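S.K.: turn this into a model:
(4 chains)
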Protein chains: 2
Amino acid sequence: MATRGRPRGFDRDVALRRAMTVFWEHGFEGASIADLTTTMGISAPSLYAAFGSKVDVYRESVALYRATDGALTRRALEAPTARQAIEAMLRDNADAYTDPGTPRGCMIVLSGPGDTVRDDAVHAFLVELRAATLDAVRARLARAVDEGDLPAGCDVGSVAELYVTVLYGLSVKARDGATRDDLSRVADAAMAAWPAMTGLLTAT
Amino acid sequence: MATRGRPRGFDRDVALRRAMTVFWEHGFEGASIADLTTTMGISAPSLYAAFGSKVDVYRESVALYRATDGALTRRALEAPTARQAIEAMLRDNADAYTDPGTPRGCMIVLSGPGDTVRDDAVHAFLVELRAATLDAVRARLARAVDEGDLPAGCDVGSVAELYVTVLYGLSVKARDGATRDDLSRVADAAMAAWPAMTGLLTAT
DNA sequence: TCTTTTCTGTAGTGATCGTTACAGATAGAG
DNA sequence: CTCTATCTGTAACGATCACTACAGAAAAGA
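M.R.: As a prediction, the model looks like this:
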């Protein structure tokens, strides 16, 4: 069985990984097939034979990102307390966003604006992915309320929206050249607000 | 004197205003000359005669944005107290970002990521503009410390970075379809953190 | 009126876009 | 070996990109 014709002359996983970095750096519209094939080290027909089309490569790239760097957030939210979870989310992503080995910022966050994937299906898919992060954060906080980790009066929705908004902002700052320390300072400040945010303190 | 030859057949200011909305919505790379001329209601030669080139139109569009919607932040920072200034910055921009009459989010913030203006000069110009907002916020907070409005121990740099990060995040959320109420809730949460942020309260 | 100057519409420039037709190469199945 | 299936390189497809040559139109200055 399997693989009847001429075998593929390149490693599909390696090529996809390279394609991901191109999309990550330039966005969907900003990355041309020529950019992709050059970085992937293959010809256009090979790309189309292996992946289908540009949007297909993009979809697989996003899926790969979610399974690698994108999994940071999901993993961070598994921390034992809500505070540790949110802090880990901010810090781990701040580190990843400024990793010199990869493009800066979050691939999914940064493909929302500007880039504006004109393909409606892909655009909707990306919006959904970003919404999923908010949902995950909200769910984690709600669990903390259930567990008594956070007070019952805590406005879980607002807290989640604020910290996700900060997370989005970190991507923009990273893409603008902010250093790891810059983003770390933002994370510090955001976590300094934690007690006030979650109702452990009340304003004067 | 003046205007010897055939007079221009359209209102340059109106045309520029329309060009601004196209760039605002699609970014620099995402907006084609065909998009621009269609929306502006003029032909390509008229555009080039009146503005020079695509980047020239973009530069003028950004300048116009700064003079109109972009001035919101500058005006907000003139509020009598630092707290009022930051709150006005967040709320006024949250309103503007979701104004149904204009594209969503901030033109300057959203042209950073994804879009990635490939022209280096324009890119540097935009980075500088975003940095200028951070500087303005920091200066406003420093003034507040001088005036005794904020305590001397307040970490002005960190507070400024956090609130600008939140402001960036609002643009991303707005572009993703967040409503005015959504953004308003984020502003509420961010301002609930104000006392903790500025050292009026200390964590337990 | 006639020249000069500027704008406008038509039409087209070469370059690049995503994508593919085609033929040769290379494998398994018979 | 032959047939079939798949991949690869060359070379090109039509569409669109930013941009402009050119000629005619419309104004001021003479």
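
S.K.: how about the residues of chain A by DNA strand C?
M.R.: Contacts of chain A with DNA strand C, taken as C-beta under 7 Å from any atom of the strand, map to A:1, A:3-7, A:31-35, A:44-45, A:48, A:53-55. Placement of C-beta: from N, CA and C, glycine included.

S.K.: distance of residue A:83 relative to residue A:163?
M.R.: According to C-beta to C-beta, to the nearest Å, residue A:83 stands 11 Å off from residue A:163.

S.K.: of the residues of chain A next to DNA strand C, list those near DNA strand D.
M.R.: Among the residues of chain A next to DNA strand C, the ones lying near DNA strand D by C-beta under 7 Å from any atom of the strand are A:3, A:4, A:5, A:6, A:7, A:44, A:45.

S.K.: residues near the third one, how many?
M.R.: If you count neighbours by other C-beta atoms under 10 Å in any protein chain shown, residue A:5 ends up with 5.

S.K.: show the pLDDT at it.
M.R.: pLDDT, residue A:5: 91.

S.K.: name the SS class of it, please.
M.R.: Classification of residue A:5 by DSSP: H, G, I helix; E, B strand; the rest coil places it in coil.

S.K.: same thing with the one 3 residues further on?
M.R.: Classification of residue A:8 by three-state DSSP places it in coil.

S.K.: residues contacting it?
M.R.: Applying C-beta atoms under 8 Å, 6 or more residues apart in numbering or on different chains to residue A:8 gives the contacts A:46, A:50.

S.K.: mind checking which helix or strand of chain A has the lowest mean pLDDT?
M.R.: helix A:194-197 (a mean of 92; mean pLDDT, DSSP states H and E).

S.K.: so what secondary structure elements neighbour that one?
M.R.: For helix A:194-197, the packing partners by 3 or more C-beta pairs under 8 Å, 6 or more residues apart in numbering or on different chains; DSSP states H and E come out as helix A:82-97, helix B:180-192, helix B:194-198.

S.K.: comparing the ones you listed by mean pLDDT, which bottoms out?
M.R.: When the helices and strands packed on helix A:194-197 are ranked by mean pLDDT, helix B:194-198 comes last with a mean of 91.

S.K.: low-confidence regions, chain A specifically.
M.R.: For chain A, the stretches flagged by pLDDT under 70 are A:1-2, A:113-118, A:200-204.

S.K.: quick one, helices of it?
M.R.: A:12-30, A:33-40, A:44-51, A:54-67, A:71-76, A:82-97, A:107-110, A:120-146, A:156-175, A:180-192, A:194-197 (DSSP state H).

S.K.: grab the nearest non-local neighbour of residue A:179.
M.R.: residue A:98 (6.3 Å; C-beta to C-beta, 6 or more residues apart in numbering or on different chains).

S.K.: wait, doesn't that neighbour sit right on residue A:92?
M.R.: No. Counting by C-beta atoms under 8 Å, residue A:98 stays clear of residue A:92, with 11.5 Å between them.
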